[in-house]
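S.K.: One predicted model, sequence on top.
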Amino acid sequence: ATALLAAIGDIGQFRQGRDLAAWLGLVPRQHSSGGKDCLQGISKRGDSYLRTLLIHGARAVVRTATGKDDARSDWIKRLLQRRNKNIAAVAVANKNARIAWALMSKDTDYQPG
């Protein structure tokens, strides 16, 4: 959390959570034209240290989600049925970055569920 705060500085520079996730390199690279979307793998742009921290934390969440029954764990379990565990970890890291943006931009505490 402190590394994220130190690296971001002013959260106002990001208009939405997707902008923060893109800055961290956690969203798919896009090569789209003519209304046809072509999404590739994660872009790996931005701060590699923060991206690594977020993905390692997400791997721990993915690993422990199978023993839980809350809404977020259920989402992760459904994701694991469709994708492999590494893609699921990046998706969880992306979601965590967006949640972090929302918490910092609105200056609130985390309220699960």
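M.R.: Structure's in. What do you need?

S.K.: Quick one: the helices in this structure, in order.
M.R.: Using DSSP state H, the helices found in the chain span residues 2-8, 17-24, 48-64, 71-82, 85-106.

S.K.: tell me which residues in the second one are buried?
M.R.: Of the residues in helix 17-24, Gly17, Leu20, Ala21, Ala22, Trp23, Leu24 count as buried by neighbour count, 16 or more other Cβ atoms under 10 Å. Bear in mind the C-beta positions are built from the backbone N, C-alpha and C, glycine included.

S.K.: cool, the last one as well?
M.R.: For helix 85-106, the neighbour count (16+ other Cβ under 10 Å) marks 88-98, 100-101, 104 as buried.

S.K.: Find the pair from the residues you listed with maximum spatial separation.
M.R.: The span of these, defined through Cβ to Cβ, is set by Ala88 and Met104 at 24.6 Å.

S.K.: Roughly how far does the residue of the chain most remote from its centre sit from Pro28?
M.R.: Here the chain reaches farthest from its C-alpha mean at Gly34, the gap being 27.7 Å by Cα atoms, centre = their mean. To Pro28, Gly34 is 18 Å away according to Cβ to Cβ, to the nearest Å.

S.K.: same question, Ala93
M.R.: 13 Å.
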